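Student: Would you be able to build a 3D model of this:
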Amino acid sequence: MSYTALIAKKEIKSYFNSPTAYIVLTVFLLMAGWFFSSPLFLNNSSDLRTLFGIIPIIYIFFIPAITMGLISKEKNIGTIETLTTLPIKDSEIIYGKFWASMGLIVTGLLFTGVHLITITLLGTNVDFGAIFCGYLGLILLGAVYSSIGIFTSSLTDNQIISFIISLLIVSFFFMIQFTLQILPSGLVGFFQYISTGYHLSNISRGVIDTRNIVYFLSLTALFLKLATIVMESRKWK
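Tutor: Got it, this is the predicted structure:
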């Protein structure tokens, strides 16, 4: 088993050996369930569009919360020094923690599958292709936000500061889509492209465009690389 897989396994165990994972997942699922069930009972409407629309907003708080301590906590208690003295590359540490956070994110999404079962049992005509694309978009978005959270966690030994910085960066990428109308016309194309909402909406429409996939994967790789550089910078001091 690779060091990346070992670190990921260790972090996943750490999540579920403490109340953190259970509390965060419970809040996530309660919020997702509320916004799914409200149209179901109030408007007699049963589909997953509302769910796919609200989860990116929940992510803004959910993902910084689960990533804020991945590195900053280890810095705070001094275990990062022990970890880095082992024959493990800094990139393996970063990617191990990334896959652990993705494991928790995907677990949360899997639990929302109960809503898919619900609308299927209600006899709703389900477009499984669109639902697949919706979940794919949420996983890719989760990867971007998780990489941002790990990057900010590598910057400080304070989990609260890490959470706040991650929240600000994630909010920036999310909110760009709502500011396009007030931007100069020459900048609209650029800011639209860097908006996570723009690419997520494209995928959620049921069309998988490689440009959208490349955007999410490139942004994820960028922040993971930045986190690795921050980790390696301690050797330059």
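
Student: What's the local residue count around Ser72?
Tutor: Residues contacting Ser72 under the criterion other CB atoms under 10 Å number 24. Heads up, the C-betas are built off the backbone N, CA and C, glycines and all.

Student: In contact with the residue nearest the centre of the chain, which residues?
Tutor: Centroid check for the chain by CA atoms, centre = their mean gives Gly142 as the closest residue, at 2.3 Å. Residues near Gly142 by CB atoms under 8 Å, 6 or more residues apart in numbering: Tyr59, Ile63, Met102, Ile105, Val106, Leu109.

Student: element containing it, please.
Tutor: Using DSSP states H and E, Gly142 maps to helix 128-155.

Student: now the helix or strand that that helix is followed by: how far from the chain's centre is it?
Tutor: Moving toward the C-terminus from helix 128-155, the next helix or strand (DSSP H and E) is helix 159-175. Its chain's C-alpha centre and that of helix 159-175 lie 12 Å apart, by CA atoms, centre = their mean, to the nearest Å.

Student: relative to helix 159-175, how tilted is the very next helix or strand once past helix 159-175?
Tutor: Sequence order places helix 185-194 as the next helix or strand after helix 159-175, per DSSP H and E. Per axes from the mean of the first three to the mean of the last three CA atoms, to 10 degrees, the angle that helix 185-194 makes with helix 159-175 is 120 degrees.

Student: after helix 185-194 comes which helix or strand?
Tutor: In N-to-C order, the element after helix 185-194 by DSSP H and E is helix 196-204.

Student: Does that next one pack against any helices or strands, and if so which?
Tutor: On a contact count with 3 or more CB pairs under 8 Å, 6 or more residues apart in numbering; DSSP states H and E, helix 196-204 meets helix 49-67, helix 128-155, helix 159-175, helix 210-233.

Student: just those: most buried one?
Tutor: Most buried of those, by mean neighbour count (mean count of other CB atoms under 10 Å): helix 128-155, with a mean of 23.
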